[in-house]
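Asker: Next one to model:
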Amino acid sequence: MSAPPTKSAIPITDKRQLVDYMEDGNKPADQWRIGTEHEKFVYRLSDLASVPYEGPDGIGALLSGLTRFGWRPVEEHGRIIALASDNGCSITLEPGGQFELSGAPLETIHQTCDEVHEHLRQVKAVAKEHGVGMIGLGFQPKWRREDIPWMPKGRYKIMRDYMPRRGRLGIDMMTRTCTVQVNLDFSSESDMVKKFRVSLALQPIATALFANSPFTEGRPNGFQSYRSHIWTDTDPDRSGDLPFVFEDGFGFERYVDYMLDVPMYFVYRDGEYVDASGQSFRDFIEGRLPALPGEVPVMSDWADHMTTAFPEVRLKKFLEMRGADGGPWRRLCALPALWVGLLYDSVALDAAWDLVKGWTEEERAALRADVPRHALKTPFRDGTVRDIARQTLAIARAGLDRRARKDGFGESEAHFLSALETIAETGETPADELLRKYETVWGGSVDPVFKEYAY
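Answerer: Numbering: from 1, shown residues only. Below you'll find the model as predicted:
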């Protein structure tokens, strides 16, 4: 959601160009990569308050401080709003100041974990100098919506004005949530379809395993993943579990049609975001966009528009897994391990498809609706989501072992699943752990979370 605008001046005059754009994402298996993204809340150590952009301890100062490590500043109206590197990595800001690392496309999860570790080392060094901390949770546990400062990015002002017209919780999504996600490749349209269907069906299982947002404004909120629940009341035009992906004939063109029907937010022109909220990309192609009458889009407009849909799994030139709450650093490595194990080994992908292919649309919808509240305890058929999680993790572990990408100690990537396997075996989610401590050793306060679970 927060990446700097793309740049491509190829005019769009026909829908076929958009389908071709998607097909350009096809890659042979030896070129498949792993791109991990994770967000974290920034807070002042002195009072645990959210950090504004301005000021000596502000978000802008943190971004500036990180340039000592070789990051290049990306500016908007003279303010640093992102950082870029030569290897494809970037640091961006979510609307409420959440720091996001968008990792480089890497070959193994071992490399991903090294990347995460180095990023956190740099961030902690600069944060300490400014008296701030960072933490990974699915939802801001303490502060009200109105207590969260907004970042000075033009696209966020447009979204802030538009979101409340479409749902009650869109502003919370923008300012008070954090996630970890992984971006993965496909080799062909048929490979994309199979991976899309498997990952959509199993996304609630990931939500349950990573559930880590049980508090709102200092009190339990009745959910295991309140972050996941928020997406159910954000904007029905651009979020959800996309039942059409399971329909016969689904492919790149059907997803293009979906995106053409997602209302626009903006168009980026000459360093400015032009408000096109609620307008139609189909009209844009015809030169009838009210915000830019007579203009037709260029390919970078399409690439930017694709970032404004927020389904549980998002298709661009790769697939984005979007169902997990943010968490501590070990789980940042576990999320790519889960999905790489399921999707990057053909035997595991077949096994995962066998697991989910008989699920009905109603069953998938029920999982999406119920897992945010009940997580692993969600009833499903003759058992619970915990049973499905165990099966899913076993498939993923076998897939990672078959990949046989070993580190210097001879370990495969499968050991990164250990944190999730413990959750599935004990039945205690991260949210359960937080609630247990809240009710006992924390004495009904959420404040200790900022110390015990900080990066």
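
Asker: contacting residues for the residue located most distally from the centre of the chain?
Answerer: Distance from the C-alpha centroid of the chain, by Cα atoms, centre = their mean, peaks at residue 294 (35.1 Å). The contact partners of residue 294, by Cβ atoms under 8 Å, 6 or more residues apart in numbering, come to residue 287. For the C-beta atoms, the positions are set from N, CA and C on the backbone; glycine is no exception.

Asker: average pLDDT across stretch 81-93?
Answerer: Averaging pLDDT along stretch 81-93 gives 95.

Asker: pretty sure residue 139 contacts residue 179?
Answerer: No. Using Cβ atoms under 8 Å, residue 139 is not in contact with residue 179; the gap is 10.3 Å.

Asker: I'd like to know which elements the longest strand belonging to the chain is packed against.
Answerer: The longest strand of the chain (DSSP state E) is strand 34-44. Contact here means 3 or more Cβ pairs under 8 Å, 6 or more residues apart in numbering; DSSP states H and E; on that basis strand 34-44 packs against strand 99-102, helix 109-130, strand 132-135, strand 179-184, helix 329-343.

Asker: sorry, back to before: which neighbours do residue 139 and residue 179 have in common?
Answerer: Common contacts of residue 139 and residue 179 (Cβ under 8 Å, 6+ apart): 227, 325.

Asker: And the helices in the stretch 351-455 of the chain?
Answerer: For the stretch 351-455 of the chain, applying DSSP state H, counting those that start in this stretch gives helices covering 361-374, 385-403, 418-426, 430-439, 449-452.

Asker: Tabulate the ones you listed (a markdown table), appending mean neighbour count and distance to residue 59.
Answerer: Formatted as a markdown table, those follow (neighbours: other Cβ atoms under 10 Å; distance: least, Cβ to Cβ, whole Å):
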| stretch | mean neighbour count | distance to residue 59 |
| --- | --- | --- |
| helix 361-374 | 18 | 29 |
| helix 385-403 | 21 | 36 |
| helix 418-426 | 18 | 29 |
| helix 430-439 | 19 | 26 |
| helix 449-452 | 16 | 17 |
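
Asker: can I get the ones you listed in CSV with distance to residue 334 and mean pLDDT?
Answerer: Shown next, in CSV, are those (distance: least, Cβ to Cβ, whole Å; pLDDT from 0 to 100):
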stretch, distance to residue 334, mean pLDDT
helix 361-374, 18, 98
helix 385-403, 10, 98
helix 418-426, 5, 98
helix 430-439, 11, 98
helix 449-452, 19, 97
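
Asker: can I get those in CSV with distance to residue 183?
Answerer: Converted to CSV, the helices of the stretch 351-455 of the chain look like this (distance: least, Cβ to Cβ, whole Å):
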stretch, distance to residue 183
helix 361-374, 21
helix 385-403, 17
helix 418-426, 19
helix 430-439, 23
helix 449-452, 29
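
Asker: Indicate which one of the ones you listed is closest to residue 191.
Answerer: Nearest of these to residue 191, taken as Cβ to Cβ: helix 385-403 at 14.9 Å.

Asker: What is that closest one packed up against?
Answerer: Secondary-structure packing of helix 385-403 (3+ Cβ pairs under 8 Å, 6+ apart): helix 189-209, helix 329-343, helix 346-356, helix 361-374, helix 418-426.

Asker: wait, which of the ones you listed is closest to residue 277?
Answerer: Once the helices and strands packed on helix 385-403 are compared by Cβ to Cβ, helix 361-374 is nearest, at 26.3 Å.

Asker: by contact count, what packs against the closest one?
Answerer: Counting contacts by 3+ Cβ pairs under 8 Å, 6+ apart, helix 361-374 packs against helix 189-209, helix 226-230, strand 379-380, helix 385-403.

Asker: Just list the residues touching residue 208, thanks.
Answerer: Shown in contact with residue 208 (Cβ under 8 Å, 6+ apart): 224, 225, 371, 375, 376, 378, 385, 386, 389, 429.

Asker: From those, pick the one nearest residue 34.
Answerer: Residue 34 lies nearest to residue 389 out of the contacts of residue 208, by Cβ to Cβ, at 21.5 Å.

Asker: thought that closest one was touching residue 211?
Answerer: No. Residue 389 lies out of contact with residue 211 (Cβ under 8 Å); the separation is 11.1 Å.

Asker: shared neighbours of these two, anything?
Answerer: In terms of Cβ under 8 Å, 6+ apart, residue 389 and residue 211 are both contacted by the residues residue 376.

Asker: Show me the shaky parts of the chain.
Answerer: When residues are selected by pLDDT under 70, those of the chain lie in 1-8.

Asker: and with 50 instead?
Answerer: Flagging of the chain using pLDDT under 50 yields the residue ranges 1.

Asker: wait, doesn't residue 237 sit right on residue 165?
Answerer: No. Residue 237 is beyond contact range of residue 165, at 10.5 Å (criterion: Cβ under 8 Å).

Asker: Of these two, which one has the most company?
Answerer: The neighbour count for residue 237 versus residue 165, taken as other Cβ atoms under 10 Å, is higher for residue 237 (15 against 10).
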